[in-house]
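1. Quick one, structure for this:
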Amino acid sequence: QVQLVESGGGLVQAGGSLRLSCAPSGRTFSSYAMGWFRQAPGKEREFVSAVSWSGGVPYYADSVKGRFTISRDNAKNTVYLQMNSLKPEDTAIYYCNRHPPAEDYWGKGTLVTVSS
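-> Predicted coordinates:
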């Protein structure tokens, strides 16, 4: 069974940085576009960023553009999300998945809390 395991979340002050990692187990995702998504308390899950299978052509939600950077290392079968200039409104559980997302691949996510 495929599991996507997110890590790197934590508590950070506004203006700080975190780097999230996503490492699937059970199979390789190197041939798929991958994305990051987040769900804030009381809100629906939303798209954050995605990157093509080759690592090129990244794209971002307007709310994170210029602050977040997505990347991937196919040799390590890992996708990253570098988050800079974090804001309290970035507080959420962050998930990775294929892009477009596949329902069977949602993991537990990693919690990011940004204090003001």
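
2. spatially speaking, which residue is in the middle of the protein?
-> W36 (3.2 Å; C-alpha atoms, centre = their mean).

3. Spatially, what comes nearest to that one if we skip its sequence neighbours?
-> V48 (4.3 Å; C-beta to C-beta, 6 or more residues apart in numbering). Every C-beta, even on glycine, is put in place using the N, C-alpha and C of the backbone.

4. Then N77?
-> Closest to N77 by C-beta to C-beta, 6+ apart is T28, at 5.3 Å.

5. and if you look at L81?
-> L20 (4.3 Å).

6. Relative to the whole chain's centre, how far out is the helix or strand hosting that neighbour?
-> Secondary structure from DSSP states H and E places L20 in strand 18-25. The gap between where strand 18-25 is centred and where its chain is centred comes out at 7 Å by C-alpha atoms, centre = their mean, to the nearest Å.

7. Show me the contact partners of stretch 48-68.
-> With C-beta atoms under 8 Å, 6 or more residues apart in numbering as the test, stretch 48-68 has contacts from 30-38, 46-47, 69-72, 74, 79, 81-86, 89-90, 94, 99.

8. Can you say which of these are buried?
-> Buried by 16 or more other C-beta atoms under 10 Å: 30, 32-38, 47, 69-70, 72, 79, 81, 83, 86, 90, 94, 99, out of the contacts of stretch 48-68.
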